[in-house]
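Undergrad: Pasting the sequence and the predicted model now:
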Amino acid sequence: MADSITRQQLSQIAKFSTLHTRPEGHKYAYGTAGFRLLGSLLDSVVFRVGLLAALRSRKLDGETIGVMLTASHNPPDDNGVKLIDPQGEMLEASWETYATKFANAETDDELTKEYLAVAEALKINLDSPSNVIFARDTRASGPALVAALKDGLQAAAADYADYRILTTPQLHYIVKCINTRKTAAPYGDPSEQGYFDKLATAFKIVTKGKAKPPVVTVDAANGVGGPKIRELARCIGSDYLDINVVKDEIDAVDRLNFQCGADFVKTQQKLPVGLEPAPFELYASLDGDADRIVFYYVDEANKFHLLDGDKIASLAAMFIRDLIAVSGVDLQVGVVQTAYANGSSSKYLTDILKVPITVTPTGVKHLHHAAQLFDVGVYFEANGHGTVLFSNSAMKTLESFEAQNPGQQDAVTTLLSLAALINQTVGDALSDLLLVIAILSHKAWGPNEWNLTYTDLPNRLVRVVVKDRTAFKTEDAERRLVEPKGLQAHIDALVKKYKSGRSFVRASGTEDAVRVYAEAATRLEADELAVKVSDSLKGL
Ligand code: G16
């Protein structure tokens, strides 16, 4: 019986695979956030990811696996695909190797052999249940890739459900809800409405009786976040939240992330093109799949001030640390950052807030795991990708805590509601937006007061196209280059010439380029250092 099932599946895979042939000569790699490249090069990859998702679910006793089709902050012609594990986390790292092998199998025969090899090596019963759900963002290449994915799932005899257009974090949420449905701690209702209701309810509790939250204008990068944020705002109600949504033309597919969105604002350090801000009002930009957010405002002189992931992490860490102190609960808050974290933010966290910091390589998968080691782990990349994790034991401590006075009770209720408000699976722009607004409302702050907590060192991020980005190897959480040989010594010599100078180079995992980061005491010096380090990559 088992053998006939295996033969049947392999023959189906071989048959469907001929419809999704691999473009010759292209090398694929499961990178920082899955496979990500031109949508036109992804058909065979997505078909094969369908096969892998089916196996992953079988390996985990039929738990539901998610597949998200998105290229997030990348330009409109790109697309991407990534797998979501049962608790809504990124795919376990050891499976990334299988994903890369599947994607690069040269022939149908090689692909079926890889499929069987993984099943045998991991003792996966191909006759056991397999459950996969998937969704996509608004890109034009999405529907064709969905068809390829369905073929893969069908060939591998998986049960699947199409959740159509969602933000990436919504799919992570739904995956976790499905897999925890019958446990002692169900995460929520496994539907988009369930997601909106959970956030709306928590937001109302957290902000109850506090100052009217600041009005916020959100640039949705002309992506999926636009309609979703409107829906969320509708569920919360205008008495609680005053939101304007701009850059929400989801049908103008070529405008996705174009001159707007979180990546544009963070890397260019300027307003989305066409936005005319009022002084001291709060603005925010999402990215194309709404898993990142950055905030900003202009002052009376129309000067732009960015409130990025570091500022969000510091705000959240400060607020939660203070609530814990008031409640009297014995819990530790920690923050996880990457090499991109502004030097001033790390100093503020360590010297002023006195919270411990861990530094990991770029990629939320790394930060997420490091954050799980704290009772309450705040993690944000400077680009605005992040969340706050409450450990299971922290939740139990809070739930069973017996408050001695109304102040303590209030603080514990707020902490528990924050755990519901903040997406526990992955960085989520919508949930992070509500978190920031709720904190500002508690403190009766506007963006300027928030910004005054510490002053960023001027910094510059540059994207440099090189011949072969895989030649750039790093160590020390990507803060130092090991290869190309000699380059780090050259960077060190440059950095020494600048007060508060710091710079590093790393290969991007989502674009065919390397990134150069530089910071220094003044704007001029940070720019100059970035240019000099970028220049040293010429010809490489
Ligand atoms: C993805 C990852 C992030 C990472 C970003 C840029 O974000 O999820 O963790 O910071 O790519 O990565 P890299 O510098 O390696 O290109 P997103 O929002 O594009 O999914």
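TA: Arrived safely.

Undergrad: Would you tell me which residues of the stretch 201-350 of the chain are close to the ligand?
TA: For the stretch 201-350 of the chain, the residues in contact with the ligand (CB under 6 Å from any ligand atom) are Asp287, Asp291, Arg292. Using the backbone N, CA and C atoms, a C-beta is placed for each residue, glycine as well.

Undergrad: mind putting those in CSV, pLDDT included?
TA: Shown next, in CSV, are those (pLDDT from 0 to 100):
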residue, pLDDT
Asp287, 98
Asp291, 97
Arg292, 97
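
Undergrad: among those, who's most crowded?
TA: With neighbours taken as other CB atoms under 10 Å, the top of those is Asp287, carrying 34 neighbours.

Undergrad: any idea of the pLDDT on Ala211?
TA: You'll see Ala211 listed with a pLDDT of 89.

Undergrad: Can you report how many residues neighbour the closest residue to it other than its chain neighbours?
TA: Spatial nearest neighbour of Ala211, chain neighbours left out: Ala444 (4.0 Å); criterion: CB to CB, 6 or more residues apart in numbering. Ala444 sits with 12 neighbouring residues when counted by other CB under 10 Å.

Undergrad: wouldn't Ala444 be in contact with Thr207 here?
TA: No: counting by CB atoms under 8 Å, Ala444 does not reach Thr207; the two are 11.6 Å apart.

Undergrad: now Gln268: how far from Ser285?
TA: For Gln268, the distance to Ser285 equals 11 Å [CB to CB, to the nearest Å].

Undergrad: That should have said Val81, apologies.
TA: For Val81 relative to Ser285 (CB to CB), the value is 24 Å.

Undergrad: and the two? which has more neighbours close in?
TA: A direct count of neighbours by other CB under 10 Å for Val81 and Ser285 places Ser285 higher, at 31 against 28.

Undergrad: right, and the secondary structure at the more buried one would be what?
TA: Following DSSP: H, G, I helix; E, B strand; the rest coil, Ser285 is assigned to strand.

Undergrad: what sits against the nearest residue to Ser431 once chain neighbours are set aside?
TA: Nearest non-adjacent residue to Ser431, counting by CB to CB, 6+ apart: Asn423, 4.2 Å away. Counting by CB atoms under 8 Å, 6 or more residues apart in numbering, Asn423 makes contact with Pro169, His172, Tyr173, Thr387, Ser431.

Undergrad: so what's Gln409 up against?
TA: Ala403.

Undergrad: wait, I meant Ala53
TA: Neighbour list for Ala53: Ile65, Val67, Leu83, Val132, Gly152, Leu153, Ala158 [criterion: CB under 8 Å, 6+ apart].

Undergrad: next one: Glu511
TA: Contacts for Glu511 were tallied using CB under 8 Å, 6+ apart; they are Arg36, Asn74, Arg463.

Undergrad: The first one: how many residues sit nearby?
TA: In this case it means Arg36. Arg36 has 28 neighbours, counted by other CB under 10 Å.

Undergrad: where are the low-confidence patches of the protein?
TA: 1-2 (pLDDT under 70).

Undergrad: ok, which residues in it are in contact with the ligand?
TA: When proximity is defined as CB under 6 Å from any ligand atom, the chain approaches the ligand at 32-33, 72-73, 287, 291-292, 362-364, 381, 383, 385, 508-511, 515.

Undergrad: the helices in the stretch 201-350 of the chain, which residues?
TA: 225-236, 261-268, 309-327, 343-347 (DSSP state H, counting those that start in this stretch).

Undergrad: Including mean neighbour count, could the ones you listed go into JSON lines?
TA: Below are those laid out as JSON lines (neighbours: other CB atoms under 10 Å):
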{"stretch": "helix 225-236", "mean neighbour count": "21"}
{"stretch": "helix 261-268", "mean neighbour count": "23"}
{"stretch": "helix 309-327", "mean neighbour count": "23"}
{"stretch": "helix 343-347", "mean neighbour count": "18"}
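
Undergrad: who wins for proximity to Asp219 among the ones you listed?
TA: In this view, the helices of the stretch 201-350 of the chain are compared for proximity to Asp219 by CB to CB, and helix 261-268 is the closest at 6.6 Å.

Undergrad: which residues touch stretch 188-195?
TA: By CB under 8 Å, 6+ apart, the residues outside stretch 188-195 that reach it are Tyr163, Leu166, Gln170, Tyr173, Ile174, Lys176, Cys177, Ile178, Arg181, Asp197, Lys198.

Undergrad: repeat that with 7 Å
TA: Leu166, Gln170, Tyr173, Ile174, Cys177, Ile178, Arg181, Lys198 (CB atoms under 7 Å, 6 or more residues apart in numbering).

Undergrad: so Thr387 touches Asp428, yeah?
TA: Yes: the pair Thr387 / Asp428 is scored as a contact, 6.3 Å apart, by CB atoms under 7 Å.

Undergrad: Need the nearest residue in space to Gln372, chain neighbours excluded.
TA: Leu389 (6.0 Å).

Undergrad: again with Gly328
TA: Counting by CB to CB, 6+ apart, the residue nearest Gly328 is Gln408, at 5.6 Å.

Undergrad: tell me which element that neighbour falls in.
TA: Gln408 is part of helix 406-421 when elements are defined by DSSP states H and E.

Undergrad: Taking helix 309-327 as reference, get the angle to that helix.
TA: Helix 406-421 runs at 140 degrees relative to helix 309-327, counting by axes from the mean of the first three to the mean of the last three CA atoms, to 10 degrees.

Undergrad: Using PDB, write down the CA coordinates of helix 406-421.
TA: Extracted in PDB, the C-alpha atoms of helix 406-421 (Å, rounded to 0.1, in the frame of the first residue of the first chain):
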ATOM      1  CA  PRO A 406      -5.400  49.000  41.500                       C
ATOM      2  CA  GLY A 407      -2.200  50.300  40.100                       C
ATOM      3  CA  GLN A 408      -0.700  46.900  39.900                       C
ATOM      4  CA  GLN A 409      -3.900  45.400  38.500                       C
ATOM      5  CA  ASP A 410      -4.000  48.100  35.800                       C
ATOM      6  CA  ALA A 411      -0.400  47.400  34.800                       C
ATOM      7  CA  VAL A 412      -0.900  43.700  34.600                       C
ATOM      8  CA  THR A 413      -4.100  44.100  32.500                       C
ATOM      9  CA  THR A 414      -2.300  46.400  30.100                       C
ATOM     10  CA  LEU A 415       0.600  43.900  29.800                       C
ATOM     11  CA  LEU A 416      -1.800  41.000  29.100                       C
ATOM     12  CA  SER A 417      -3.700  43.100  26.500                       C
ATOM     13  CA  LEU A 418      -0.400  44.100  24.900                       C
ATOM     14  CA  ALA A 419       0.400  40.400  24.400                       C
ATOM     15  CA  ALA A 420      -2.800  40.100  22.500                       C
ATOM     16  CA  LEU A 421      -2.300  43.400  20.600                       C
END
